[in-house]
Every structure is written in structure tokens, then in C-alpha cells.
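Visitor: Give me the fold of what follows.
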Amino acid sequence: MTYTDAVQVIRDAITAATGIPTARVLQPGFTDGPLPLAHVSLVQTQPGDYDRDETISISIYAKTPASPADVGASALADQIEGALSVRPVVGSSGWVDEAEVDSLLGVQPYFEAVEVVHMTVTVTHRPISE
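Guide: Next comes the predicted model:
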């Protein structure tokens, strides 16, 4: 069976909802910009009889807000959580049946004026071909 690339669908949905770029792999010096940035990666795959559940990690890196008008990592995480609550989750590369946020941690300082929020999501999807 062939399945949709769930990581890419989630990346597409994040960019559509927030306008921020995403990456599968963080490059050295990524905190120099552009920020904000969402790091999206596959943690594990749980095959079922037909559906597949995949645990995906999302880390949102942003400059620590210096004024009320600035958007930080926590506000972006809330936007992402809202975008993933829609069923199905659709991206330019395909769709998945459901994306449920399992955990959403608070803001942590990362490096200098950069902060990060981590979240994990369980994505459920069916095969696109047999």
C-alpha cells in the first residue's frame, strides 16, 4: 500500500495557516533567519489493519516578542493547533484524515533572543493506493 507523506501534508498546512516556512532538517545557523520557522519531523509510524497512525514532532522557533504586536512561538503554536483541528487536514501535497495534538509545551528560551515551543501530533491516514 502507498500512503501520503504525512509530514509534508502537515508542513503544507502549517505554511497555509501561518505563512511561516517549515523544514524537515534544521541547518547550522538557522537561528540567524529567517524566523519564525517550524521544524516538522516524523517520530514513529504505527501501522494498523488499514489506517496508519504517525507521530509527528513540530518545533516552532521564533524571535522572542519585544512588543505586543510581535508574534512569538506560543501564538504560532496556537494557530497551528487550530489549523490541525480541521478534518481532513489538506495540504498542496495531499491530505490526511485527522491530526490530533497530543502535547503542546510552553515557551522555552532557545538561543539568544530565540524561543521555541514543542508539540507532538498523531496523524491518522488511509492508503492512497493498494
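
Visitor: So which residue is dead centre in the protein?
Guide: In the chain, the centroid-proximal residue (CA atoms, centre = their mean) is Ile58; its distance is 4.1 Å.

Visitor: hang on, that one packs against Ile80?
Guide: Yes - using CB atoms under 8 Å, Ile58 is in contact with Ile80, at 6.7 Å. From N, CA and C alone the C-beta is placed, and that goes for glycine too.

Visitor: got any residues that touch both of these two?
Guide: Common neighbours of Ile58 and Ile80, counting by CB atoms under 8 Å, 6 or more residues apart in numbering, are 14, 38, 119.

Visitor: Drop anything exposed from these.
Guide: Buried members of the shared contacts of Ile58 and Ile80, counted by 16 or more other CB atoms under 10 Å: 14, 38, 119.

Visitor: Output these as TSV; include the columns distance to Ala23.
Guide: Formatted as TSV, the buried ones among the shared contacts of Ile58 and Ile80 follow (distance: CB to CB, whole Å):
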residue	distance to Ala23
Ile14	11
Ala38	8
Met119	16
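
Visitor: who's in contact with the nearest residue to Ala23 once chain neighbours are set aside?
Guide: Closest residue in space to Ala23, ignoring its immediate chain neighbours: His39 at 5.6 Å, by CB to CB, 6 or more residues apart in numbering. Residues counted as contacts of His39 (CB under 8 Å, 6+ apart) are 22-24, 26, 57-61.

Visitor: try Val7
Guide: Here Val7 is in contact with 24, 40-42, 54, 56 (criterion: CB under 8 Å, 6+ apart).

Visitor: For stretch 15-23, which outside residues touch it?
Guide: 11, 14, 30, 34, 36-40, 60, 76, 79-80, 82-83, 91-92.

Visitor: again, but for stretch 45-60
Guide: Contacts for stretch 45-60 (CB under 8 Å, 6+ apart): 3, 6-7, 10, 14, 20, 36-44, 73, 76-77, 80, 97, 99, 102, 116-127.

Visitor: Now do the SS call for Gly106.
Guide: coil (DSSP: H, G, I helix; E, B strand; the rest coil).
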